[in-house]
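Quick check, what structure comes out for this input:
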Amino acid sequence: MKRPPRLTWTILFLLATGASAQPPADSGWPTYGNDPGGARYSPLAEIDRSNVARLRVAWTYRTGALQPETALNRKSAFEATPILVDGTLYLSTPFNQVIALDARTGVPRWAYDPAVNRTRNASEVTSRGVSAWRDAKSAPGQPCARRIFAATIDARLIALDGDTGRPCPDFGANGQIDLTRGVDLRDLGQYQVTSAPAIAGDVVITGSSIGDNRAIDVERGIVRGFDARTGALRWSWDPIPWAGQTTPRTGAGNAWSTLSVDLERGLVFVPTGSASPDHFGGWRRGDNKWANSVVALRAATGELVWGFQVVHHDLWDYDVAAQPTLFTWKDGTPAVAIATKMGRVFVLDRLTGAPLIPVEERAVPPSDVPGEDASPTQPFSGISLVPERLGADDAWGATPEDRAWCRDKIAASRSEGIFTPPSERGTIVFPGVNWGSAAYDPQRHLLVVNTNRLAFLLRLIPREKLAEEAARARQAGGVRADLAEQRGARYGMSREPLRAPSRRPCNAPPWGTVTAVDLFTGATRWDVPLGSMVPGAATGTPNLGGPIATAGGLVFTAAAMDNRLRAFDSDTGKELWTFELPAGGQATPMTYSLDGQQYLVIAAGGHGKLGTKLGDYVLGLTLP
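All right, here's what the predicted structure looks like:
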C-alpha cells in the first residue's frame, strides 16, 4: 500500500503562517490543531463552495466507548479531533481508549484501552485527542519509532507504539507515567488531563484539568515536560508559586486546554485558568499571576520568557480556555492571538508578549461581598465578540409574561459589564470562546471562532444556605445548573442559564454564533448564528467545539446543540451546507487528502453536560 509522504514541520509552519507552499497530493492533519501553533487551517481546496453540498458519508466507525454502561456516561463528552500520521487516523474516546483507523476506509487497525475505572466519579469525562512523535534515532519499523501519546482522565501519560498500539516499555513504568505525583493530590477524579499533550522536539508537555470550584486548597496546576523516549521529567513550571504562601493554600491556575508550540523558536505557549476557587478570592489577594494568562516558556527547559494576563484576580471562571493561535502579523512579526471567555481577543508579539492591537487598563466595578478585594482595573483589547452588558431594557422573551419576568430578574441582579463581580443577589455574565478555540485563515487573515451568547446568572451562596439551594439549582435542566461548594470559603456558588419560566433565554438571540475577525484591522468581517433552538429560526445555540478553515474558501464546524455539521463561506459567512449527525457534534472536525481525495472527519458522540444526544460515531465524508 502506498504511504503518503510525511509532512515536515517546516512545511507545516509555512502553511500555518500563510507563506506560499503548495499542498502535496496527500496532506495530513498531524497535530490536534493541524499545525503545532493551532491554526486549524488546511491548504486543501478540492472541497470548495461549488461542490460542498455534494459531500457524502464515505465511512462510519463506532468506538463502543459507552459500553459497559455506567453512571459516568451521563458526563461523557466525545470532544476528540483525530490526527492523521502516515496514512493512519489516531483518536481517543471519552474514556481514553486510543484507536487507530485506516484513513481511507475507517477500518480499525488497533485499539488500546487504558482501563479507566468507570465506577469512580470524575469531574470531566472527555479526551480531546492524542499526539504523535517520531523518534529520529530509531529506524522506521522499529518498535515505538512512532509514538502516540495519550493523557487520561485518571491522570496518566501513556506512550503507545503507533504501529501496534502496545505500550512502549522504555517510557516511564511499562509505558506510562503517574501524573498525580508532585501535585498535592486531593481527589483523583478531580485531577485529570483532557487535552492532547504538546510535542516540542523530544519533549512531551502536559498540563492538567482540575475541579477548581470544589475547594480552596485543590491540586497544584503545574505544567511539566517529559523526555519523549524515557519519560524522565525534564522540567516543571508552576503558574502560581505564590499560592504556597497563602493560608489556606490555594491551587489550580492550571493549563487544561491545548498548548501551542513554535518549533522554530523553541517556545511553548501555555493558556492558564483561575486560581481556586473560581468565584471567591478572599484568600488569594492581588492579581494572581500567572493564572488567567498566556505564558511563553522555553520548551526545552520550562524557563519563563514572558507572560500576559488577560484577567486580574479572576472571580468569573474566565480561564483561558482556547488554544493560543500562532500566526504572522501584517509586518511579518511572529504573533499570537488569544481568544477568551470574555469574548475579547488579544493579539501579541509572539517573542515579547507586547500587544500588537492596543490594550487598555480600565476601571471596573468593585465587589460588594465582604472579604473580597476585586481588581480595580482589567485589560480591554480592541476586539470584542460578544455582548458585554445585559440591562433590564434588553430583556427578551417569547411572550410578554416572559419579558416581564426577565426584566425583573435582570433589574434585581448586578449587570455592569463583563467584569461585574459575583454577588449574593446574582451577577449576569456572558460566556465567550471556550476550548473549541479559533481557526486562522492566512489568505484572508481571518480569525474564526464559535461564540456563546447565552446569559448566565452567577450567585454566591452563604455556606449555611447551600443545602437548600442544591435541589433548586439542579432542576434547571438543559444546559444544566452548576452548584459548587467552594469548601473553605464562606460562599458556595450557583451558576445557571438566565431563562424565563418557559425555559426560553432572557437575552435576545442569537445564543451562539460563528464570527470572523480581520486580525490585521480588528474589524468583524461577519457574524452569523450557529444552529437553532427553534425549528425554522436561526436562533443560534450554546455550543462546544471549534471551527476549521480551508483553502477551498470554507469554514466547517459542528458544536451546536442541534447535532448538525455545517459549512460556511469564508468571505461572507453564508451557510452553504448542513448535515445531520447521528449524535451531538461537540467536537472540532479535521480534514486531509489521500490519493488526491479530500476527506472531512468529525467525532459525533454528544455531550452529557450540554445535554445533546450521546453516541460513539466517527464519520468520514468526501465528494462522490
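
residues near P140, how many?
The tally of other residues near P140 (other Cβ atoms under 10 Å) stands at 11. C-beta: built from backbone N, CA, C; applies to glycine.

Over to it. Which of the three states is it?
coil (DSSP: H, G, I helix; E, B strand; the rest coil).

what about the residue lying closest to A354 once chain neighbours are set aside, neighbour count?
Spatial nearest neighbour of A354, excluding adjacent residues (Cβ to Cβ, 6 or more residues apart in numbering): L348 at 6.5 Å. By other Cβ under 10 Å, the residues close to L348 number 26.

correct me, but L348 touches A335?
Yes. Using Cβ atoms under 8 Å, L348 is in contact with A335, at 6.7 Å.

okay, and the common contacts of these two?
Common contact partners of L348 and A335 (Cβ atoms under 8 Å, 6 or more residues apart in numbering): L356.

any weak-confidence spans in the stretch 151-300 of the chain?
Low-confidence segments of the stretch 151-300 of the chain, defined by pLDDT under 70, are absent.

Could you report the neighbour count for G87?
Look at G87: counted by other Cβ under 10 Å, it has 18 neighbours.

Distance of it relative to G28?
8 Å (Cβ to Cβ, to the nearest Å).

Show me the residue sitting in the middle of this protein in space.
W435 (1.5 Å; Cα atoms, centre = their mean).

Looks like that residue contacts A321 (just checking).
Yes. Between W435 and A321 there is a contact at 4.8 Å, judged by Cβ under 8 Å.

Show me whatever sits in contact with both of the two.
By Cβ under 8 Å, 6+ apart, the residues touching both W435 and A321 are S257.

if we can go back for a sec, dihedrals phi and psi, the residue nearest to the centre of the chain?
As for W435, its main-chain torsions (degrees, to the nearest 10) stand at phi -70, psi -10.

From L544, how far out is it?
Applying Cβ to Cβ to W435 and L544 gives a distance of 7 Å.

Residues in contact with both of those two, list them for me.
Joint contacts of W435 and L544 (Cβ under 8 Å, 6+ apart) are E79.

so who does the residue lying closest to T557 once chain neighbours are set aside touch?
With Cβ to Cβ, 6+ apart as the criterion, T557 has its nearest non-adjacent residue at 4.0 Å, and that residue is P547. Listed by Cβ under 8 Å, 6+ apart, the contact set of P547 reads 40, 436, 438-439, 448-450, 514, 555-557, 559, 588.

which helix in the protein runs the most residues?
Using DSSP state H to define each element, the chain has its longest helix at helix 400-411.

Now do it, average pLDDT.
Averaging pLDDT along helix 400-411 yields 97.

Buried residues in that helix, which are they?
402-403, 405-407, 409-410 (16 or more other Cβ atoms under 10 Å).

where's it relative to the chain centroid, distance-wise?
33 Å (Cα atoms, centre = their mean, to the nearest Å).

same for the helix or strand just after that helix, what does it pack against?
Where DSSP states H and E defines the elements, the next helix or strand beyond helix 400-411 is strand 427-429. Identification of packing neighbours for strand 427-429 by 3 or more Cβ pairs under 8 Å, 6 or more residues apart in numbering; DSSP states H and E yields strand 456-462.

ok and the strand it packs on relative to helix 400-411, angle-wise?
Following axes from the mean of the first three to the mean of the last three Cα atoms, to 10 degrees, one obtains 50 degrees for the angle between strand 456-462 and helix 400-411.

Give me the contacts around strand 456-462.
Against strand 456-462 from outside (Cβ under 8 Å, 6+ apart): 279-280, 316, 369, 409, 413, 422-431, 469, 490-498.

Now, of those residues, which are buried?
279-280, 316, 369, 409, 413, 422-423, 426-431, 469, 491-498.

Helices of the protein, start to end?
Using DSSP H, helices in the chain cover 9-17, 400-411, 466-474.

re earlier: which ones among the contacts of P547 lie within strands?
Among the contacts of P547, the members falling in strands (DSSP state E) are 438-439, 448-450, 514, 555-557.

still on that earlier bit, contact partners of the longest helix of the chain?
By Cβ under 8 Å, 6+ apart, the list of residues contacting helix 400-411 reads 390-397, 426, 428, 457, 498, 500-502, 504, 506.

need the contact list for the nearest residue to D571 once chain neighbours are set aside.
Nearest residue to D571, sequence neighbours excluded (Cβ to Cβ, 6+ apart): G553, at 6.6 Å. By Cβ under 8 Å, 6+ apart, the residues touching G553 are 45, 48-49, 569-571.

Select only the buried ones of these in PyMOL?
The PyMOL selection below is limited to those of those classed as buried (16+ other Cβ under 10 Å):
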select buried, resi 48+49+569+570
